[in-house]
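Visitor: let's see this in three dimensions:
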Amino acid sequence: MHPAFVRWGVFTSDLMNSQVFFDQVGVSTVLSICDNLDHYINEYPDFEYELRFISDWVNGKNFFSFSTSGSTGKAKKVVIARQIIETSALNTINYLKLSSDYLAFVCIPTEKIGGSMMLVRALIADMDIYLQKPSANPFLTSSFLDNYMILSATVPYQVQNLIEKKKYEAWFYSEKLVNIIGAAALSNATIKELKRLNSTHYQAFGMTETVSHIALAAISSTQLVYESTGDHIFDTTPDGRLKVKGNITENKWLESNDIVECIDNTHFIWKGRADLVINSGGFKVMPDQIEHYLVTQLENKLGWTPQIVITSIPDPKLSEKLVLVYTEDDRLKPDIFQTINYKKYQKPFHFIQLSDLPMLSGQKVDRSKIREIVVEKLLM
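Guide: Residues are numbered from 1 along each chain as shown. Okay, the predicted model is just below:
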């Protein structure tokens, strides 16, 4: 029933000397892993979670526990039934027309729902699986392209790096690739670059509570319109937040904190996060929308994509003051922020440089931690 092969490995590169090193650490069949789980875990402890998850799934485990990302609040555990997970996987398999001709390239954290669902899709569709620990530059050798169609899941940070390092990442440009991009929104410049590729890319919308994505937006389209990947239907609350109902939600309405424009009951345009809204001087501003606008402005000026985050600090008169946080980079001079044509009520009062942006395990920006750092720097 599960003849597929599972491979796992590590990738390192010496970009200064134009060399790429790839080591395939292990290879086995799914059934062999299940029959000899302790042996494989002892031999390859770095892949214990993935090997154990595969064994649990094949052996019929009925409930699985996942952590939410914690990107907009405290992370929490969510227990999901096998039947719901299967339904979600089949939705994607049918929507993308996946089959055993594909290799599932898993290069995002499998402890989170997005990575685990890559494993489930592969196991249900009898795909071979290639496991690689998450890195900024996921890598597949050309031999995989000779033998498979490729299904991968990535995050925007990986996508940006892969675009910049095109010399080394032939798999990412291949017409054999179908890539699902999650965790955060893409910048306009990244979308523009992706449209030039022969590969197929989708921006995903979903959350742990909806068992990974419930809608995909084709990057190749003129506008990012999210389409339901299963029987889900969409609507909005009176304040414009997305509501979802379908088999995944046991046919009950589930409200999200995402502001959307519903085109019809199976399509929507994403606008931003309601729980990130900053009230400054009586005006409600959405940080993610400001970030998207500013990154586009900066990309046009710089020719590359900087990392920025909009946050705020308490203020006795305005309630909250906007603060722009950016990562240290020799190519980025602070005075460039004064050359931007800011929209009304969206110009930051302060600009803070950090060596790196704090990140959560799912490759999402840790906004709570960033705000703590900014408050400490400016008010304490």
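Visitor: okay, now the unreliable bits of the stretch 51-200 of the chain?
Guide: 68-75, 166-168 (pLDDT under 70).
Visitor: try 90 this time
Guide: Scanning the stretch 51-200 of the chain for pLDDT under 90 picks out 65-78, 109, 111-113, 126-147, 155-158, 160-171, 173, 182-193.
Visitor: which stretches of it form helices?
Guide: In the stretch 51-200 of the chain, the helices defined using DSSP state H, counting those that start in this stretch lie at 82-96, 113-125, 142-147, 156-164, 170-173, 188-195.
Visitor: now these in CSV, with mean neighbour count and distance to V211?
Guide: For glycine as for every other residue, the C-beta is placed from the backbone atoms N, C-alpha and C. Shown next, in CSV, are the helices of the stretch 51-200 of the chain (neighbours: other C-beta atoms under 10 Å; distance: least, C-beta to C-beta, whole Å):
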stretch, mean neighbour count, distance to V211
helix 82-96, 18, 4
helix 113-125, 24, 7
helix 142-147, 12, 28
helix 156-164, 20, 21
helix 170-173, 19, 27
helix 188-195, 17, 26
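Visitor: and those as TSV, adding distance to N265?
Guide: Output for those, formatted as TSV (distance: least, C-beta to C-beta, whole Å):
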stretch	distance to N265
helix 82-96	16
helix 113-125	24
helix 142-147	39
helix 156-164	28
helix 170-173	34
helix 188-195	26
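Visitor: residue contacts, L294?
Guide: With contact set as C-beta atoms under 8 Å, 6 or more residues apart in numbering, L294 has these partners: 308, 310, 324, 340.
Visitor: out of the helices of the stretch 51-200 of the chain, flag the one nearest Q297.
Guide: Closest to Q297 of the helices of the stretch 51-200 of the chain is helix 188-195 (C-beta to C-beta; 9.8 Å).
Visitor: with only the CA atoms kept, save the closest one in PDB.
Guide: In PDB, the C-alpha atoms belonging to helix 188-195 read as follows (Å, rounded to 0.1, in the frame of the first residue of the first chain):
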ATOM      1  CA  ASN A 188       5.300  42.500  -5.400                       C
ATOM      2  CA  ALA A 189       8.900  42.200  -6.700                       C
ATOM      3  CA  THR A 190       9.000  38.500  -5.700                       C
ATOM      4  CA  ILE A 191       5.700  37.900  -7.400                       C
ATOM      5  CA  LYS A 192       7.000  39.600 -10.500                       C
ATOM      6  CA  GLU A 193      10.100  37.400 -10.500                       C
ATOM      7  CA  LEU A 194       8.100  34.200 -10.000                       C
ATOM      8  CA  LYS A 195       5.900  35.000 -13.000                       C
END
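Visitor: helices or strands next to it in the packing?
Guide: Judged by 3 or more C-beta pairs under 8 Å, 6 or more residues apart in numbering; DSSP states H and E, helix 188-195 is in contact with helix 156-164, helix 287-302.
Visitor: strands of the stretch 151-300 of the chain, start to end?
Guide: Along the stretch 151-300 of the chain, counting by DSSP state E, counting those that start in this stretch, strands occupy 177-181, 200-207, 212-218, 226-228, 233-236, 241-245, 254-264, 267-273, 278-280, 283-285.
Visitor: buried deepest among these, which one?
Guide: Greatest average neighbour count among these goes to strand 212-218 (a mean of 24), per mean count of other C-beta atoms under 10 Å.
Visitor: parallel or antiparallel, list what pairs with it.
Guide: strand 200-207 (antiparallel), strand 226-228 (antiparallel) (DSSP bridges).
Visitor: quick one, the first one and helix 82-96 angle?
Guide: Relative orientation of strand 200-207 versus helix 82-96 (axes from the mean of the first three to the mean of the last three C-alpha atoms, to 10 degrees): 150 degrees.
Visitor: run the chain-centre distance for strand 200-207.
Guide: With C-alpha atoms, centre = their mean, to the nearest Å as the basis, strand 200-207 stands 8 Å off its chain's centre.
Visitor: how about the CA coordinates for it, as CSV?
Guide: This file holds the C-alpha atoms of strand 200-207, laid out as CSV (Å, rounded to 0.1, in the frame of the first residue of the first chain):
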residue,chain,number,x,y,z
THR,A,200,4.2,26.8,-11.1
HIS,A,201,3.7,28.7,-7.8
TYR,A,202,0.8,29.2,-5.5
GLN,A,203,0.4,31.5,-2.5
ALA,A,204,-1.5,29.6,0.2
PHE,A,205,-4.1,30.7,2.7
GLY,A,206,-4.8,28.7,5.8
MET,A,207,-4.0,28.1,9.5
